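# Would you be able to build a 3D model of this:
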Amino acid sequence: MPTDTPYPAIAVVGPTASGKSDLALYLAEAFDGEIVNYDSIQLFRLFNIGTAKPPESDRARVPHHLIDILDPHELFSAGDYQEMARRTLGEIRERGRVPILVGGTGLYLRAVIDGLFDGPKRSPRLRTRLHATARVRGPDYVHAILRRLDPKTAARVAAPDLPKVIRAIEVRLETGRPLSSHLDVGPRRPNLEFAFHLVGLDPPREELNSRIGLRVRQMFEQGLVEEVQQILEQGISPDAAAFRAIGYRQVLETIDGIISTDEAIITTERDTRRYAKRQLTWFRKQHEPRWFDGFGTDPEIQESVRRDVTDALGRRVQD
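Next up is the predicted model:
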C-alpha cells in the first residue's frame with residue numbers, strides 16, 4: 001500500500017443507548033482494531049456510571065484510548081481533543097492496527113475528521129463573569145444571552161451545556177462574528193491521513209426510548225447518586241464541567257434537595273431522549289454515514305456492518 005494512501009479508520013455514530021460501544025467492540029475484534037473514545041464526559045476520571053463507560057472486561061479484550069485521562073476540574077476543549085485524538089490515531093496506525101472511533105460528542109468527531117476553525121483564545125475574564133452569572137441566575141439566563149448574540153448556535157446548543165454556550169458567546173464577542181458563521185466557512189485542517197468510513201445506528205424510535213428509560217433506571221439502581229456523593233467528598237466542585245452532563249446535574253439537584261430521586265429519573269430520561277434526537281440530527285447534517293436500522297447489540301446488524309466495512313475498506317483492514 002503506497003505511503004501516501006490514506007489509512008483506513010472506522011467511526012461508529014448514532015444516538016445514545018443504540019449500542020455503539022458493543023458494535024465498536026465487535027468491529028475491533030473483527031478487524032484487529034483499537035477503540036478511540038470521542039465522548040466528552042468519558043474523558044474524566046471518577047465519572048463512571050452516568051457515562052456508561054465500557055467495563056474493564058471490555059477494555060481487557062481490546063485496547064481503549066482517551067478514557068479516564070482527565071481530572072474532573074481540568075479544562076479541555078474540542079481543539080485539545082483534536083490534537084490528542086489525531087496523535088492517538090497516528091500511534092494506532094504505526095502499530096498496523098485499525099482505529100475505531102466511538103462516542104456521542106459529534107463536535108469531537110468532527111474535530112478529528114474535518115478539523116476546527118481557528119478561533120480566538122480563551123478569555124479568562126469573560127469566562128469567569130459568565131460562570132458567575134450562571135451560578136447566580138442559572139444557565140438559561142446565559143443561554144438567553146447567546147440567543148441574542150447568535151440565534152443559530154443557540155438553537156443547536158442546549159442551555160445546560162454551559163461550556164459550549166460560553167464558548168459561543170466568547171467567539172461572538174471576541175471576533176464580532178457568530179460561531180455559526182465561523183463553522184460554516186472555516187478555515188479548518190481536514191485529516192487527510194485517514195480514510196474514514198462512518199457507520200450509523202438508527203434504531204426504531206419507540207424501542208430506543210424504551211432502552212433509554214431502562215438505562216437511566218439502571219444507572220440510578222447501580223449507585224449514580226452514591227457515585228456523585230463520593231466525587232463531591234473528594235473535593236471536586238459541583239461547578240466542574242463533567243457535572244453538567246445529563247444525569248449528573250439532576251443528581252446534584254437531588255442532593256441539594258431541589259428535586260426528588262424519582263423526579264431526577266424522570267427528567268434524566270426526558271433530557272436523554274432529547275439529546276438522542278439532537279445527536280441524530282447532528283450526524284445526519286455533518287457526515288454521511290452508512291445507516292443501519294437497528295441496535296449495535298444485534299448480531300445481524302453487527303454482521304451487516306462487518307460486510308459493509310469490508311466492502312468499503314477492502315482487504316486492507318483484514319490483513
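# hey, let's count contacts and neighbours off CA atoms from now on
Fine.
# Pull the number of nearby residues for residue 256.
Other residues within reach of residue 256, judged by other Cα atoms under 10 Å, total 10.
# okay, it: pLDDT?
pLDDT recorded at residue 256 is 95.
# And residue 79, by the same measure?
For residue 79, pLDDT reads 87.
# go on, residue 238?
92.
# contacting residues for it?
232, 252 (Cα atoms under 8 Å, 6 or more residues apart in numbering).
# And the helices in the stretch 151-300 of the chain, which stretches?
151-156, 162-175, 179-185, 205-221, 224-233, 248-255, 261-286, 299-313 (DSSP state H, counting those that start in this stretch).
# Out of these, which is closest to residue 138?
For residue 138, the closest of the helices of the stretch 151-300 of the chain is helix 162-175, at 10.0 Å, according to Cα to Cα.
# Pull out the buried positions in the closest one.
162, 163, 164, 165, 166, 167, 168, 169, 170, 171, 172, 174 (16 or more other Cα atoms under 10 Å).
# And the pLDDT at the closest residue to residue 182 other than its chain neighbours?
Of all residues not flanking residue 182 in the chain, residue 117 sits nearest, at 6.5 Å (Cα to Cα, 6 or more residues apart in numbering). With respect to pLDDT, residue 117 scores 71.
# burial of residue 117, as a residue count?
17.
# now the one 5 residues further on
By other Cα under 10 Å, the residues close to residue 122 number 12.
# Tell me the secondary structure at it.
coil (DSSP: H, G, I helix; E, B strand; the rest coil).
# Next, find the distance separating it from residue 167.
Using Cα to Cα, to the nearest Å, residue 122 is found at 8 Å from residue 167.
# For burial, what's the neighbour tally of residue 264?
Residue 264 has 22 nearby residues by other Cα under 10 Å.
# How about residue 263?
Residue 263 - counted by other Cα under 10 Å - has 15 other residues nearby.
# State the pLDDT value of it.
pLDDT, read off for residue 263, is 98.
# Please tell me how far it sits from residue 309.
Taking Cα to Cα, one finds residue 263 at 43 Å from residue 309.
# residues in contact with residue 51?
Counting by Cα under 8 Å, 6+ apart, residue 51 has contacts 41, 42.
# what residue ranges in the stretch 201-319 of the chain score low on pLDDT?
Along the stretch 201-319 of the chain, segments meeting pLDDT under 70 span 315-319.
# switch the cut-off to 90
239-241, 244, 282, 284-288, 312-319 (pLDDT under 90).
# quick one, strands of the stretch 51-200 of the chain?
64-65, 98-102, 194-201 (DSSP state E, counting those that start in this stretch).
# From the centroid of the protein, which residue is nearest?
Central residue of the chain (Cα atoms, centre = their mean): residue 105, 2.2 Å from the mean position.
# Please name the nearest non-neighbouring residue to it.
Using Cα to Cα, 6+ apart, the closest residue to residue 105 is residue 39 (5.0 Å).
# Pretty sure residue 269 sits against residue 212.
Yes. When contacts are counted by Cα atoms under 8 Å, residue 269 is listed as touching residue 212 (6.6 Å).
# related to what we said a few turns ago, wait, the residue nearest to residue 105 touches residue 101, no?
No. Applying Cα under 8 Å, one finds residue 39 not in contact with residue 101, separated by 9.7 Å.
# And these two? Which one has more around it.
For residue 39 and residue 101, the more surrounded residue by other Cα under 10 Å is residue 101, and the numbers stand at 29 against 21.
# check contacts around that one.
9, 10, 11, 12, 24, 35, 36, 37, 38, 109.
# Those residues in strands, which ones?
Judged by DSSP state E, the contacts of residue 101 include 9, 10, 11, 12, 35, 36, 37 as members of strands.
# Residue 59: which of those is nearest?
residue 35 (9.1 Å).
# how close does the closest one get to residue 219?
23 Å.
# Looking at these two, which has the bigger crowd around it?
Legend: neighbour count by other Cα under 10 Å for residue 35 and residue 219, higher for residue 35 (26 against 18).
# quick one: contacts for that one?
So residue 35 contacts 24, 25, 28, 62, 63, 64, 65, 99, 100, 101, 102 (Cα under 8 Å, 6+ apart).
# Same check on residue 307?
Per Cα under 8 Å, 6+ apart, neighbours of residue 307: none.
# same thing with residue 16?
104, 212, 272, 275, 276, 279.
# which of these count as buried?
By 16+ other Cα under 10 Å, these give 104, 212, 272, 275, 276, 279 as buried.
# so the closest residue to the second one other than its chain neighbours is in which element?
Pointing back at residue 212 there. Counting by Cα to Cα, 6+ apart, the nearest residue to residue 212 once its immediate chain neighbours are dropped is residue 17, at 5.8 Å. According to DSSP states H and E, residue 17 maps onto no helix or strand at all.
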